[in-house]
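[1] Sequence and predicted structure, then a few things I'm wondering about:
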Amino acid sequence: MKYAAYLLVTYAIEVRADELYPKYQEVLSETGSRVNVKNIISEEEKHLAEMISQLKTFSPDWEKIIHDVSTIENELFEEWLKEIQKEMQDIPTLN
């Protein structure tokens with residue numbers, strides 16, 4: 001059970017990272033930042049591929065399982081974003 005939890009949580013994290021880091025790199029590049037996360041993006045892509053490979057070995061229903069996990073993770077992420085937006089509305093602006 002622990003192994004399944006590890007695979008599914010890590011998969012969800014890697015999918016989110018795969019979405020986030022390229023956007024972050026885009027902003028860094030657009031602003032002329034000397035910082036870049038291209039190596040992190042490469043590592044995250046490799047780790048995601050590794051998780052998918054392990055999931056395929058773990059269960060013949062791996063695609064349904066990750067679909068369900070991704071749906072749950074996305075719902076939680078959207079709730080989290082809404083809460084952040086609410087909190088930011090309460091922050092007074094400096095003029």
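    Received it, and whenever you're ready, just let me know what you need. Being a predicted model, the structure only gives us computed values, none of them experimental.

[2] Could you use CA atoms for every contact and neighbour count after this?
    Will do.

[3] Buried residues, the helix or strand hosting Ile65. List them.
    Per DSSP states H and E: Ile65 is located in helix 62-89. Within helix 62-89, the residues scored as buried using 16 or more other C-alpha atoms under 10 Å are Trp62, Ile66, Val69, Ser70, Glu73.

[4] do the same with stretch 47-56
    Along stretch 47-56, these residues count as buried under the neighbour rule (16+ other C-alpha under 10 Å): His47, Leu48, Met51, Ile52, Leu55.

[5] what's the residue closest to the geometric middle of this protein?
    Arg16 (1.2 Å; C-alpha atoms, centre = their mean).

[6] The helix or strand hosting it - what's its average pLDDT?
    Element membership of Arg16 [criterion: DSSP H and E] is helix 2-30. For helix 2-30, the mean pLDDT works out to 94.

[7] got the angle for that helix vs helix 62-89?
    Angle, helix 2-30 to helix 62-89, by axes from the mean of the first three to the mean of the last three C-alpha atoms, to 10 degrees: 50 degrees.

[8] Packing partners of helix 2-30?
    Applying 3 or more C-alpha pairs under 8 Å, 6 or more residues apart in numbering; DSSP states H and E, we find helix 2-30 packed against helix 38-58, helix 62-89.

[9] of all those helices, which lies closest to Val9?
    The closest of these to Val9 is helix 62-89. By C-alpha to C-alpha, the value is 8.3 Å.

[10] hang on, the earlier thing: Asn36 versus the residue nearest to the centre of the chain, what's the distance?
    Remark: distance between Arg16 and Asn36 (C-alpha to C-alpha, to the nearest Å) = 18 Å.

[11] about what we covered before: from the buried residues of stretch 47-56, which is closest to Thr10?
    Met51 (7.3 Å).

[12] Quick check: the closest one touching Ala12?
    No. Between Met51 and Ala12 there is no contact under C-alpha atoms under 8 Å: 9.7 Å.

[13] ok, so what distance separates the nearest residue to Leu55 once chain neighbours are set aside from Ile13?
    Nearest non-adjacent residue to Leu55, counting by C-alpha to C-alpha, 6 or more residues apart in numbering: Trp62, 5.8 Å away. According to C-alpha to C-alpha, Trp62 stands 16 Å off from Ile13.
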